[in-house]
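**Student:** please find the sequence and the predicted model below.
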Amino acid sequence: MIGWHQLRKDRMAILSIWLLALVALAGLFAPMLAPHDPTNTNILQKYAGISLTYPLGTDHLGRCVLSRLLYGIRTTMLAAMLTMCITMLIGSALGLIAGFFRGKVDGVLMRLCDVMLSFPAEVMILAVVGILGPGLFNIILANVLAKWAWYTRMIRSSVLQYANEPSVQFAKVTGGKPFYILRRHLFPRISGEIAVFATLDAGWVILNISALSFLGLGVSAPTPEWGMMLNEAKNVMVTHPAHMLAPGLAILFVVMALSFLGDSLQHAANPAMHHTRKKGVRPFAFNRRKKSVRT
């Protein structure tokens, strides 16, 4: 379980939460914050500089960069959230079933996971998107297919740690139904680990979505998306290098915030590890002390 009191004391975690919240709010209220329509083109304003009318300038079609950046939050963050929710739902359900029932059910699910994990995730994502074609739905489907097996195996290993606890065994002996035991005893125990897995991997999903759009396999134009903005800016990287800064820094800060938050959640879920790292305990200090006493 996550120690929320300890998490509140972590300044990096609080800063990451505030940053992610501000980004989410900016995307939610993009129609009110964006100064222009993100798909409206004006060739006469092509590559316009920074001004009050265009706070971040315009791109090669005269579209407002700031407006596209704000609306791009919706596309990138929404795709990442949907991907993580679907992946964690499938992984949690199959992991709980495999770890609780074991036997043939566990064997079949683990062999299926072995097959899926034998393919590199990036290769599978490119293959699925290459076969189905570009599009937001296909990106989400490709990422889910590439990651559900890993989550299933990780959550199964977490369930095995708690399956033999007295409370779980008592619930079985007293005739508790499997669904009740999974919902009331096992799922609350692994919910903290699920949150850690989802937060740490959300940055990886954002990078994948942006990379596919950058390669032309993701969201199709004129939909504003950070990876697509980088793809369009790379053609003028020499003459107008500033056009890559806005989407590039947006991806960098969001992924960093998710990584720091996931690390803080991991420390909060395992206070012993955090205490050891904070105090700098050396694993061989006891042996050296014992040896010095002998001498």
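**Tutor:** Okay, I see it.

**Student:** going forward, measure contacts between C-alpha atoms and count neighbours the same way
**Tutor:** Will do.

**Student:** any regions of this protein where pLDDT drops low?
**Tutor:** Within the chain, the ranges that satisfy pLDDT under 70 run 1-7, 269-295.

**Student:** next SSE downstream of the top helix by length along it?
**Tutor:** Criterion DSSP state H: the longest helix present in the chain is helix 65-101. Next helix or strand after helix 65-101 toward the C-terminus (DSSP states H and E): helix 103-117.

**Student:** any residues touching that next one, and which ones?
**Tutor:** Leu94, Ile97, Ala98, Gly99, Ala146, Ala149, Trp150, Thr152, Arg153 (Cα atoms under 8 Å, 6 or more residues apart in numbering).

**Student:** so who does the second one touch?
**Tutor:** The contact partners of Ile97, taken as Cα under 8 Å, 6+ apart, are Val105, Asp106, Arg156.

**Student:** doesn't Leu61 belong to a helix?
**Tutor:** No: secondary structure assignment (DSSP: H, G, I helix; E, B strand; the rest coil) places Leu61 in coil, not in a helix.

**Student:** re earlier: now the contacts of Ile97 in CSV, with neighbour count and distance to Ala211?
**Tutor:** Output for the contacts of Ile97, formatted as CSV (neighbours: other Cα atoms under 10 Å; distance: Cα to Cα, whole Å):
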residue, neighbour count, distance to Ala211
Val105, 14, 37
Asp106, 19, 35
Arg156, 25, 30
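
**Student:** now Ala26, nearest residue through space, not along the chain?
**Tutor:** Among residues not flanking Ala26 along the chain, Leu70 sits closest, at 6.5 Å (Cα to Cα, 6 or more residues apart in numbering).

**Student:** do Asn42 as well
**Tutor:** Once flanking residues are discounted, Asn42 sits nearest to Gly62: 4.5 Å by Cα to Cα, 6+ apart.

**Student:** isn't that neighbour up against Pro38?
**Tutor:** No: under the criterion of Cα atoms under 8 Å, Gly62 makes no contact with Pro38, lying 10.0 Å away.

**Student:** what sits against the spatially closest residue to Ala198 that is not a sequence neighbour?
**Tutor:** Nearest residue to Ala198, sequence neighbours excluded (Cα to Cα, 6+ apart): Met84, at 6.4 Å. If you count contacts by Cα under 8 Å, 6+ apart, Met84 has them with Val144, Ala198, Ala202, Val205.

**Student:** lovely, talk soon.
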